[in-house]
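Engineer: Sequence first, predicted model second:
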Amino acid sequence: MIQGSEISHQKSEKNMASLTELSLAEALDGMRAKRFSATELVRAYIAAQETCRPLNAYVVETPELALEKAKESDARYAKGTARPLEGAPLGVKDLFCTKGVPTTAGSRILKGFTPAYESTVTARLWHDGALMLGKLGMDEFAMGSSNTTSACGPVINPWTGPDPANASRKLVPGGSSGGAAAAVAARAAIAAPGTDTGGSIRQPAALCGLTGIKPTYGRCSRWGIVAFASSLDQAGPVARDVKDAALMLRSMAGHDPKDSTSVQRGVPDYLAALTGEVGGLRVGIPREYRVDGMPGEIGDLWERGAKLLEEAGAEVVEISLPHTKYALPAYYIVAPAEASSNLARYDGVRYGLRVPGRPVQEMYENTRAAGFGREVRRRVLIGTYVLSAGYYDAYYLKAQKVRTRIAGDFAQAFKTCDVILTPATPGEAFAIGEKEDDPVKMWLEDVFTVPVNMAGLPGLSLPAGLSKNGLPLGLQLIGRPFDEETVLRVGGALENAIGFRAVPPFHA
Ligand code: GLN
């Protein structure tokens, strides 16, 4: 016989699970309408965090902190002083410095580093009432597309199957924001701020069935984000749908006097941009994105996306981005060059790990050899080489010129279209370890996303359907500089037309 208390326990468990099903927008509505409290929502997410531990998405869990903040949120709901993201339980990519909470950027070299300051982007989210459940795994220093280069171990994609930890073929969640994508997809975080240098928000979002936006370079502050490649890095949200992405971006974006590359422009109300209307808009299809070896089903999905937008009233036009094929090679000069310079600061003196040695140069060498993983060492070597006297002009300067051409291609294309539609990735989620021996194969994951960073444009990836293997595939929308609104508007319309909501077989 079931006791009364057990029944109510079962009932509350069920309610808790259904709370994590809600999107960010729905959860905020629910709290505003007092259908449930921030504390109840946070408790549901803490339970989800535990259920999802086999994914290895969180590298640090901060449940006490989250519950403390939830109490404050409930007080604000009661007083009618709730802020735009009041009580929203977020996971945070471990590239954002979080005051008093360890931040390692997925690297051994930052082991034991606890920042004394908060990144501007996360500070803005907390200022708007959001709260943190913990820090999320990522490729070391955001270098990678698989989340396998992390010192905290690989993250598993919840689309692997109902029992991901025991599956024989475990899939990657993509990278570098792989922990963010796995946690949001598995309902262990309502949304997560991520970063994107060459695709790190959009590619994992696509591989996990989520929506992610990399805003225009300069839209969000980079202050307090561990630097990878400073001229390419941007923060942006990983979210369940376009509306949630808009909500998150509205709080994350804005000028910051502490980052001179963040722009002095007002932040539009991105929610208001979601009118559902695409009538009269011109959608460009770049002919150079039909790359060799891309599975037919991705081409089909892309065509279908274009057709749906046409049916919704947009005009589809073919465009040309002639320098596309040079984007990836140029990125792999520019990004490592900047990384080698940014990573010079990890010398055993100022941060985290120190491996003793005498004289001091030997201490530097020992620390860096023990602290950096293979991919990071590879990038530091390439970067130092292309910046060295004698090779600087041949490689680095040349890559910068290519970059100008790529930006020029987009500027030209945007004379005849308002937004560009492409696939998000050249394939579905692959198995952990699969592309490990061939860095170039791994780097090809970003063939569609990298040009967007090289040109500094906004890019959104959204789930478009399942592959024949039952795995999510994404489409990408690219916009004019600082025109996140059009990208979100078209994204919202496309999401509606596709009518596809991706829930992985494993979730809380
Ligand atoms: N996968 C790309 C790289 O390894 C991009 C990573 C990123 O955007 N941070 O550099």
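Structural biologist: Yep, it's here. Numbers count the residues shown, from 1 in each chain.

Engineer: When you work out contacts or count neighbours from here on, use the C-alpha atoms and nothing else.
Structural biologist: Will do.

Engineer: Can you give the distance from stretch 273-293 to the centre of its chain?
Structural biologist: Relative to the chain's own centre, stretch 273-293 is displaced by 21 Å; criterion: CA atoms, centre = their mean, to the nearest Å.

Engineer: Tell me the bridge partners for I420.
Structural biologist: For I420, the beta-bridge partners are G284, I478 (DSSP bridges).

Engineer: so how many other residues sit close to it?
Structural biologist: 26 (other CA atoms under 10 Å).

Engineer: my guess is it meets Y289, correct?
Structural biologist: No. When contacts are counted by CA atoms under 8 Å, I420 is not listed as touching Y289 (11.0 Å).

Engineer: Mind checking what helix or strand follows the one helix or strand E375 maps to in sequence?
Structural biologist: Per DSSP states H and E, E375 falls inside helix 374-387. Proceeding N to C from helix 374-387, the next assigned helix or strand is helix 398-413, under DSSP H and E.

Engineer: what's that next one in contact with?
Structural biologist: The contact list for helix 398-413 (CA atoms under 8 Å, 6 or more residues apart in numbering) reads 284, 319-324, 326-327, 330-331, 333-334, 451, 454-456, 480.

Engineer: Kindly provide the whole-number mean pLDDT of the strand or helix carrying A47.
Structural biologist: Using DSSP H and E, A47 falls within helix 38-51. The pLDDT scores in helix 38-51 average 98.

Engineer: Tell me which residues of that helix come out buried.
Structural biologist: 38-49, 51 (16 or more other CA atoms under 10 Å).

Engineer: partners of the following helix or strand past it, with directions?
Structural biologist: Downstream of helix 38-51, the next assigned helix or strand under DSSP H and E is strand 58-61. With DSSP bridges as the test, strand 58-61 is paired with strand 131-136 (antiparallel).

Engineer: ok, and what's touching the strand it pairs with?
Structural biologist: Contacts to strand 131-136, defined as CA under 8 Å, 6+ apart, come from residues 45-46, 57-63, 65-66, 69-70, 87-94, 103, 125, 179-180, 183, 189.

Engineer: got it, and stretch 336-346?
Structural biologist: Contacts of stretch 336-346 (CA under 8 Å, 6+ apart): 109, 227-231, 368, 379-384, 386-387, 396.

Engineer: what about burial for those residues, which qualify?
Structural biologist: Among the contacts of stretch 336-346, those classed as buried by 16+ other CA under 10 Å are 109, 227-231, 368, 379-380, 382-384, 386-387, 396.

Engineer: need the residues of the protein near the ligand, please.
Structural biologist: The chain comes close to the ligand at residues 142-145, 176, 196-200, 446, as judged by CA under 6 Å from any ligand atom.

Engineer: returning to that earlier point: now flag whichever of the buried residues of helix 38-51 is closest to P204.
Structural biologist: Q49 (19.1 Å; CA to CA).

Engineer: check contacts around the closest residue to the closest one other than its chain neighbours.
Structural biologist: Distances taken as CA to CA, 6 or more residues apart in numbering place A188 nearest to Q49, at 5.0 Å, with adjacent residues excluded. Applying CA under 8 Å, 6+ apart to A188 gives the contacts 20, 45-46, 48-49, 52, 507-508.

Engineer: Over to the closest residue to F96 other than its chain neighbours: give its phi and psi.
Structural biologist: Leaving aside its chain neighbours, F96 sits nearest to I225 (4.6 Å; criterion: CA to CA, 6+ apart). Taking degrees, to the nearest 10, you get phi -100, psi 130 for the backbone angles of I225.

Engineer: Give me the neighbour count for I225.
Structural biologist: 23.

Engineer: where do the helices sit along the stretch 151-300 of the chain?
Structural biologist: Along the stretch 151-300 of the chain, the segments classed as helices by DSSP state H, counting those that start in this stretch run 178-185, 202-208, 242-252, 296-311.

Engineer: I'd like to know which of those helices is closest to G280.
Structural biologist: For G280, the closest of those is helix 296-311, at 9.8 Å, according to CA to CA.

Engineer: quick one: buried residues of the closest one?
Structural biologist: Buried-residue list, helix 296-311, by 16+ other CA under 10 Å: 298-299, 301-302, 305-306, 308-310.

Engineer: Tell me which residues are up against it.
Structural biologist: 278, 283, 290, 315-316, 421-423, 426-427, 464-465, 467, 473, 475, 493-494, 497-498.

Engineer: With stretch 247-256 instead?
Structural biologist: For stretch 247-256, contacts defined as CA under 8 Å, 6+ apart pick out 25, 120-122, 124-125, 128, 193, 219-221, 236-237, 262-271.

Engineer: Then stretch 74-90?
Structural biologist: 24, 27-28, 31-32, 37-39, 41-42, 45, 66, 69-70, 73, 125, 128-134, 189-193.

Engineer: contacting residues for whichever residue of the stretch 251-400 of the chain sits closest to the ligand?
Structural biologist: Residue nearest to the ligand within the stretch 251-400 of the chain (CA to the nearest ligand atom): A335, separated by 6.9 Å. When contacts are counted by CA under 8 Å, 6+ apart, A335 touches 228-229, 232, 383.

Engineer: Is it part of a helix or strand, or is it coil?
Structural biologist: For A335, the secondary structure call by DSSP: H, G, I helix; E, B strand; the rest coil comes out as helix.

Engineer: now the contacts of stretch 247-256: which count as buried?
Structural biologist: 25, 120-122, 124-125, 128, 193, 219-221, 236-237, 262-263, 267-268, 270-271.

Engineer: Do you have the helices of the stretch 1-150 of the chain handy? List them.
Structural biologist: All helices of the stretch 1-150 of the chain, identified by DSSP H, counting those that start in this stretch, fall at 4-21, 24-32, 38-51, 63-79, 120-127.

Engineer: So which bits of stretch 73-80 are buried?
Structural biologist: Using 16+ other CA under 10 Å as the test for burial, stretch 73-80 gives 73-74, 76-77.

Engineer: I'd like the mean pLDDT over that stretch, please.
Structural biologist: Averaged across stretch 73-80, the pLDDT comes to 98.

Engineer: Show me the shaky parts of the stretch 51-200 of the chain.
Structural biologist: Residues of the stretch 51-200 of the chain that meet the criterion pLDDT under 70 are absent altogether.

Engineer: what's G194 in contact with, if anything?
Structural biologist: Here G194 is in contact with 92-93, 177, 180, 200-201, 235-238 (CA under 8 Å, 6+ apart).
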